[in-house]
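Novice: Give the three-dimensional model of this entry:
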Amino acid sequence: MGRTLFNFITQSPYLETFLCSSTGVTSTLDLCIVSSSLLSVATSIALGDIGSDHYPVKLTLKVKSPLILTAAKPKWKIPTKYRPIWKKWKDCLESEAEILEDSSCENTNLSSFIDTLNSPASQVFKKQSGVYNQKYSKSWWNEECSKIVAMRRLAKRKFSRHNTVQNMLA
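Specialist: Model prediction:
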């Protein structure tokens, strides 16, 4: 690993990331370290001056994220202000409820109750499609990343509301 890192630094002569303000000499002070297994697909370049003595480094990994297909849950499209549809649903529900009442109450289970509600709804209301949504997985993202991002947003919001040094450092 040490030799790989040495070769990477010495074979990248234009990867100058630091400008010494007193001497004007540039050097490779900031490094982007990746696993040796990713080194063959990694490229890094130092970006232009942004007003600091350190130049930003852009690290690019030439790998494709696997495509994860997730099914969208079909949801009911229920209009809130269209009364004739609600009346139609109520009428359909009442006719289904009569069929449910005719059967013996002891044998009625949860699935038949759900069917009693869903059957009139499917006759009256539309559903959203169950089309797959494309999402590219980020293998490095985990629960800890989510918590850290949430904490960062909270700290930023707190600082924007109460602009103090203590909140800035939090």
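Novice: Could you point out the helix or strand that follows the worst-scoring helix or strand of the chain on mean pLDDT?
Specialist: None of the helices or strands of the chain scores lower by mean pLDDT, DSSP states H and E than strand 132-136, at a mean of 61. Going down the chain from strand 132-136, the next helix or strand is helix 143-161, by DSSP states H and E.
Novice: Which residues outside the following helix or strand past that following helix are in contact with it?
Specialist: Going down the chain from helix 143-161, the next helix or strand is helix 165-169, by DSSP H and E. Outside helix 165-169, the residues within contact range by Cβ atoms under 8 Å, 6 or more residues apart in numbering are 155, 158-159. For every residue, glycine as well, the C-beta is placed using N, CA and C.
Novice: go with 6 Å
Specialist: 158-159 (Cβ atoms under 6 Å, 6 or more residues apart in numbering).
Novice: In space, what's closest to K127 - neighbours in sequence excluded?
Specialist: Spatial nearest neighbour of K127, chain neighbours left out: P74 (4.5 Å); criterion: Cβ to Cβ, 6 or more residues apart in numbering.
Novice: Would you check how far apart W86 and V63 are?
Specialist: 52 Å (Cβ to Cβ, to the nearest Å).
Novice: So between these two, which is more surrounded?
Specialist: Neighbour totals were compared for W86 and V63, and W86 leads with 15 against 10 (other Cβ atoms under 10 Å).
Novice: how long is stretch 44-63 from one end to the other?
Specialist: Stretch 44-63 has an end-to-end distance of 14 Å (criterion: Cα to Cα, to the nearest Å).
Novice: Show me which residues of that stretch are buried.
Specialist: Buried residues in stretch 44-63, counted by 16 or more other Cβ atoms under 10 Å: 44, 46, 55.
Novice: Columns secondary structure, pLDDT and distance to K81 on top of these, output as a markdown table?
Specialist: Listed next are the buried residues of stretch 44-63 as a markdown table, based on DSSP: H, G, I helix; E, B strand; the rest coil; pLDDT from 0 to 100; distance: Cβ to Cβ, whole Å:
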| residue | secondary structure | pLDDT | distance to K81 |
| --- | --- | --- | --- |
| S44 | strand | 77 | 57 |
| A46 | strand | 76 | 59 |
| Y55 | coil | 77 | 58 |
